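Peer 1: Could you look at this predicted model? Sequence included:
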Amino acid sequence: MGMGPALALWAWLRRFGVGLPLSDYSIVENQGGRFAGQNITIFYKNKFGLGLAVVDWEEWRPLWAQNWGSKRIYQLASQRLRPAGLWGFYRFPDCFNGNWAKVANYTGRCRPTEVRRNDHLRWLWAASAALYPSIYLPPLLPPGLRRRYVHHRLREALRVAIGRLPVVAYSRLSYRRSPRFLEPADLEHTIGESAALGAAGVVLWGDLSYSRSAESCSSLRHYLVSTLGPYVANVTAAAQACSSEQCQGHGRCVRRQPQELGSMLHLADGVGRAEGTVPSEPTDPDGMDPGAISLHPVASISDLHWASAGYKGTEGNGPAPSSSRLRCAPRSPPHLPTLRPVPPPTICPCPGHPFFFILLGLLALASLILATLAIYLSVLQSQSVQALAQWLESQEDAMRQLRAASGQLWARLNASAQHH
């Protein structure tokens, strides 16, 4: 990750004979325009790559412990296969600030309950090497609220990262669930806001609808050349210039007051410029009222609106600038989750192991139960034999009585016949 926004557009380099000049605008792509490559890969089945390693588990909920067991095997195996990847989970942390239609005065702030829930996910952030929040713009979100919506989603991710993890936001070329490309103002709300807050990069996401035909490919190329590309190049150049001037190339510029939504990293007419167009953010807890801030073009990008921070993903390892207004931290190595080897399960307990004595106790108990059962069955068997013998004897007595009665009857019949 560089000192400025590292923007990745996930698309094929050429389809239907239409090429996309991504490198002309400092947009990073996979070599050869491949879907999965060395810079970014999302895992579908068994496709692996280097660079940003995003686990797209949109149906997975990390607070549900019963979903964790089967997923942990896959996570550990993936980390072992690609230990240098910036592993993280798409859409986490989430902000759940999409309630603009339900409140009278929408501020864009994350719900306090969700902030506390994100604090409960410290184990997930500790197992991540990067954070990948989503800043997709819902099509029904009013234009005047879009920057606040994105701003607080990014700030929640930066709060969770606490300068230890790089934050790479997921944005789209179009509005969510819409084929319409983002307007220039909304590029500022997404890409520009990410750069101004000090995000390490932006992933530009899309789908096959961008390349379903030659016309759609041509439309995408026109949007890239006319709107998206020039804006990305502008923001990237501004971020690099600010880093060079403010931090001697050893950090990224961020807003000194994050709530100043009008301060953007843009270049205009070859000079740095802090633009103020949205002074409507409510007063921040620190008492700063953005509406009272006077924003204006400046002759140099060294402006009071910008400070320098050595966030994760920056380059260089030199001394901090002498200005007391700035704070440049040396670069530290990327955080990667510690992979603990999983010991193989013990097949047979050894003498001296606690399980060995437990096994012996279970065997002794089983033997006692079997012996008791055998005695009981033998008793039952002896009682049954005695009962059967008594029944047979009674049957023999009955037969003898029947034969005696038959003999007497036969004798009487013979005597009666002789008399007549």
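Peer 2: Here it is on my side, so go on. Since this is a predicted model, take the numbers as computed values, not measurements.
Peer 1: Now do the helices in the stretch 151-300 of the chain.
Peer 2: 184-187, 193-197, 214-223, 229-247 (DSSP state H, counting those that start in this stretch).
Peer 1: can I get these in TSV with mean neighbour count, mean pLDDT and distance to Asp397?
Peer 2: Placement of C-beta: from N, CA and C, glycine included. Formatted as TSV, the helices of the stretch 151-300 of the chain follow (neighbours: other CB atoms under 10 Å; pLDDT from 0 to 100; distance: least, CB to CB, whole Å):
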stretch	mean neighbour count	mean pLDDT	distance to Asp397
helix 184-187	17	95	108
helix 193-197	27	94	105
helix 214-223	16	90	104
helix 229-247	21	90	112
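Peer 1: could these be laid out in CSV, adding distance to Trp391?
Peer 2: Conversion of the helices of the stretch 151-300 of the chain to CSV gives the following (distance: least, CB to CB, whole Å):
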stretch, distance to Trp391
helix 184-187, 97
helix 193-197, 95
helix 214-223, 94
helix 229-247, 101
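Peer 1: Out of these, which is closest to Leu20?
Peer 2: helix 214-223 (5.8 Å; CB to CB).
Peer 1: That closest one packs against which elements?
Peer 2: Identification of packing neighbours for helix 214-223 by 3 or more CB pairs under 8 Å, 6 or more residues apart in numbering; DSSP states H and E yields strand 18-19.
Peer 1: Please identify the pairing partners of the very next helix or strand once past the strand it packs on and their relative orientation?
Peer 2: Scanning forward in sequence from strand 18-19 by DSSP states H and E, the next helix or strand is strand 27-28. The pairing partners recorded for strand 27-28 under DSSP bridges are strand 6-9 (parallel).
Peer 1: average pLDDT for the helix or strand that contains Ile369?
Peer 2: Assigned by DSSP H and E, Ile369 belongs to helix 354-419. What helix 354-419 shows for mean pLDDT is 75.
Peer 1: Please apply the same query to stretch 157-176.
Peer 2: 92.
Peer 1: Using CSV, write out the CA atom coordinates for that stretch.
Peer 2: Once non-C-alpha atoms are left out, stretch 157-176 reads as follows in CSV (Å, rounded to 0.1, in the frame of the first residue of the first chain):
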residue,chain,number,x,y,z
ALA,A,157,-13.5,1.7,10.5
LEU,A,158,-10.7,4.0,11.4
ARG,A,159,-11.7,4.1,15.0
VAL,A,160,-11.7,0.3,15.1
ALA,A,161,-8.3,0.2,13.3
ILE,A,162,-6.8,2.7,15.8
GLY,A,163,-3.8,3.2,13.5
ARG,A,164,-2.8,-0.4,13.6
LEU,A,165,-4.7,-1.8,10.6
PRO,A,166,-5.0,-0.4,7.1
VAL,A,167,-8.5,0.6,6.0
VAL,A,168,-9.4,-0.2,2.4
ALA,A,169,-12.9,0.8,1.6
TYR,A,170,-15.2,-1.0,-0.9
SER,A,171,-16.8,1.4,-3.3
ARG,A,172,-18.6,0.9,-6.6
LEU,A,173,-18.5,2.5,-10.0
SER,A,174,-22.3,2.7,-10.0
TYR,A,175,-24.9,3.2,-7.4
ARG,A,176,-25.9,0.1,-5.4
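Peer 1: Show me what counts as buried in that stretch.
Peer 2: Neighbour counts over stretch 157-176 (16 or more other CB atoms under 10 Å) mark 157-158, 160-161, 165-175 as buried.
Peer 1: what ranges do the helices span in the stretch 1-150 of the chain?
Peer 2: Here the stretch 1-150 of the chain has its helices, by DSSP H, counting those that start in this stretch, at 68-81, 112-119, 122-126, 146-161.
Peer 1: Let me have those helices in CSV, adding distance to Leu265 as columns.
Peer 2: CSV is the format used below for the helices of the stretch 1-150 of the chain (distance: least, CB to CB, whole Å):
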stretch, distance to Leu265
helix 68-81, 34
helix 112-119, 27
helix 122-126, 27
helix 146-161, 14
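Peer 1: Tell me which of these lies nearest to Leu52.
Peer 2: Leu52 lies closest to helix 68-81 among the helices of the stretch 1-150 of the chain, at 13.1 Å (CB to CB).
Peer 1: quick check: mean pLDDT across the closest one?
Peer 2: Mean predicted lDDT for helix 68-81 stands at 68.
Peer 1: before we move on, what about stretch 206-213?
Peer 2: The pLDDT scores in stretch 206-213 average 79.
Peer 1: which one of the helices of the stretch 1-150 of the chain is the most hemmed in?
Peer 2: Stretch with highest mean neighbour count among the helices of the stretch 1-150 of the chain: helix 146-161 (a mean of 23; mean count of other CB atoms under 10 Å).
Peer 1: Can you tell me which helices and strands it packs against?
Peer 2: helix 112-119, strand 168-172, helix 193-197.
Peer 1: 6 Å instead?
Peer 2: Counting contacts by 3 or more CB pairs under 6 Å, 6 or more residues apart in numbering; DSSP states H and E, helix 146-161 is packed against helix 193-197.
Peer 1: mind exporting the helix it packs on as PDB, just the C-alpha atoms?
Peer 2: The C-alpha coordinates for helix 193-197 follow below in PDB (Å, rounded to 0.1, in the frame of the first residue of the first chain):
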ATOM      1  CA  GLU A 193     -13.700  11.200   1.400                       C
ATOM      2  CA  SER A 194     -11.600   8.000   1.800                       C
ATOM      3  CA  ALA A 195      -8.500   9.900   0.800                       C
ATOM      4  CA  ALA A 196      -9.200  12.900   3.000                       C
ATOM      5  CA  LEU A 197      -9.700  10.700   6.100                       C
END
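Peer 1: Next, the contact list for Ile369, please.
Peer 2: Shown in contact with Ile369 (CB atoms under 6 Å, 6 or more residues apart in numbering): no residues.
Peer 1: roughly how far apart are it and Leu360?
Peer 2: Ile369 is 15 Å from Leu360, where distance means CB to CB, to the nearest Å.
Peer 1: Pull the number of nearby residues for Glu29.
Peer 2: With neighbours defined by other CB atoms under 10 Å, the count for Glu29 comes to 20.
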